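Novice: how would this look folded up:
(one chain, ligands or ions: 1)
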Amino acid sequence: MKPYRIGVLTSGGDAPGMNAAIRAVVRQSLDLGVDVYGIYRGFQGLVDQDWRPLSSRNCANILQRGGTILNTARCHAFKVKSVRAQAARDLKEAGIDSLVVIGGDGSFTGAHLLGEEHGIPCAGIPGTIDNDLPGTERTLGFDTALNTAIGAIDKIRDTASSHERLFLVEVMGRSSGMIAVHTAIACGAEAVLYPESHVDSYAALVTQLKAGWERGKRSSIVVVAEGDQAGNPYEVGERLRNEYNLDLRVVVLGHIQRGGSPTAIDRIWGSLWGSEAVKRLVAGEKGFYLGAQANELVSIPLSRIHDARPEPPLALTKLVPTLAL
Ligand code: ADP
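Specialist: Numbering: from 1, shown residues only. Model (predicted):
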């Protein structure tokens, strides 16, 4: 009888910790006597049938590396039903019984459709630095990205206080303020601008900065999420410069937040989720993604991927101005 065969792919934006998850998928599979195929460049590799068997040796020395050894890509063709139908036929022909998809909400949507339309059992592992998936408190890469942003802003703080300057620092998060708000707390930022904010963020920023100036603050750090409603930090900076004649600088942290060696948390959860995804698929579970709630591993139906996204905790957003006193 043909051995059970699992395919694993990484899709969407890369995130530190993806390699830990791949390694765990491969080694847990081998431990259970299951074949495992690596599918390269996300759903694009599925469409192109770009897959090959992975051995334990393929996963040596990858646990500590950022990025993904399977590469990742954005594959718009996968949004087309007939393309998914062909991919499902190709998977069946190659004897690949089920899939582990490591990625964010777009990737999970693709996995969900593949399961619903063609019965391919899929397991999702949250891999996105944004930490914006419903039903889970964690995603791979978030903790590492946060620590990278914190390390950079600590350095900026040194020069900000030496020159008595205001710095606007852009962190990643086109539609999520998770990185921005957590970074702001961890760096003692004077203010944070983020997409889900329900107030006029520019007005709130000015109020906050003025309160600081009145108390004698000479330097400030403002964390700005990419998708902030007040505009990008250059626009916000220009407005502040014109209205208050400030000596300010803008720093965009950019892609350094995606790279780097994963933190302990991202390695541990990548390992746990990778192993658990395989065990559950082999046991017959399908159409789920893994997550964490109250620090416990949970399984969530893929159909829930369209639920409301988590927002930055109010307790943290309210704390930023309080702690900047
Ligand atoms: P992420 O998974 O990090 O959210 P994307 O949103 O770019 O990243 O999605 C990754 C990939 O998932 C896309 O390139 C595409 O192949 C697939 N995908 C995204 N949305 C859909 C969709 N609505 N239907 C089918 N596949 C999708």
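
Novice: Now do the contacts for the closest residue to Arg174 other than its chain neighbours.
Specialist: Excluding the flanking residues, the one nearest Arg174 by Cβ to Cβ, 6 or more residues apart in numbering is Gly227, at 4.3 Å. For glycine as for every other residue, the C-beta is placed from the backbone atoms N, C-alpha and C. Contact analysis of Gly227 by Cβ atoms under 8 Å, 6 or more residues apart in numbering lists 173-177, 194-195.

Novice: now swap in Ile120 and tell me
Specialist: 88, 91, 98-99, 114.

Novice: Identify the farthest-apart pair in these.
Specialist: Pairwise distances across the contacts of Ile120 peak at 11.8 Å for Ala88 and Ser98 (criterion: Cβ to Cβ).

Novice: what about stretch 13-25, near the ligand?
Specialist: Yes - Stretch 13-25 lies within reach of the ligand by Cβ under 6 Å from any ligand atom, at Gly13.

Novice: what about that stretch, distance to the chain center?
Specialist: Mean C-alpha position of stretch 13-25 versus that of the full chain (Cα atoms, centre = their mean, to the nearest Å) differs by 11 Å.

Novice: least trustworthy helix or strand in the protein by mean pLDDT?
Specialist: helix 201-214 (a mean of 90; mean pLDDT, DSSP states H and E).

Novice: mean confidence score for the very next helix or strand once past that one?
Specialist: Sequence-wise, the next helix or strand downstream of helix 201-214 (DSSP states H and E) is strand 220-225. Strand 220-225 shows a mean pLDDT of 96 in the predicted model.

Novice: With just CA atoms, put stretch 289-304 into CSV.
Specialist: Listed in CSV are the C-alpha atoms of stretch 289-304, where the atom choice follows Å, rounded to 0.1, in the frame of the first residue of the first chain:
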residue,chain,number,x,y,z
TYR,A,289,-5.7,25.8,11.2
LEU,A,290,-3.8,25.8,14.4
GLY,A,291,-3.5,28.6,16.9
ALA,A,292,-2.9,29.5,20.5
GLN,A,293,-5.4,30.7,23.1
ALA,A,294,-4.4,31.3,26.7
ASN,A,295,-1.1,29.8,25.7
GLU,A,296,-2.7,26.4,24.8
LEU,A,297,-2.7,25.0,21.3
VAL,A,298,-6.1,25.1,19.6
SER,A,299,-7.6,24.0,16.3
ILE,A,300,-9.8,26.4,14.4
PRO,A,301,-12.0,25.6,11.3
LEU,A,302,-10.6,27.2,8.2
SER,A,303,-14.1,28.6,7.5
ARG,A,304,-13.5,31.0,10.4
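
Novice: is that stretch up against the ligand anywhere?
Specialist: No - with Cβ under 6 Å from any ligand atom as the criterion, the ligand is not reached by stretch 289-304; the gap is at least 11.2 Å.

Novice: Alongside the ligand, which residues does this structure contribute?
Specialist: Residues of the chain lying near the ligand (Cβ under 6 Å from any ligand atom): 11-13, 43, 74-75, 78-79, 103-107, 109-110, 113, 128.

Novice: I'm done for today, thanks for sticking with me.
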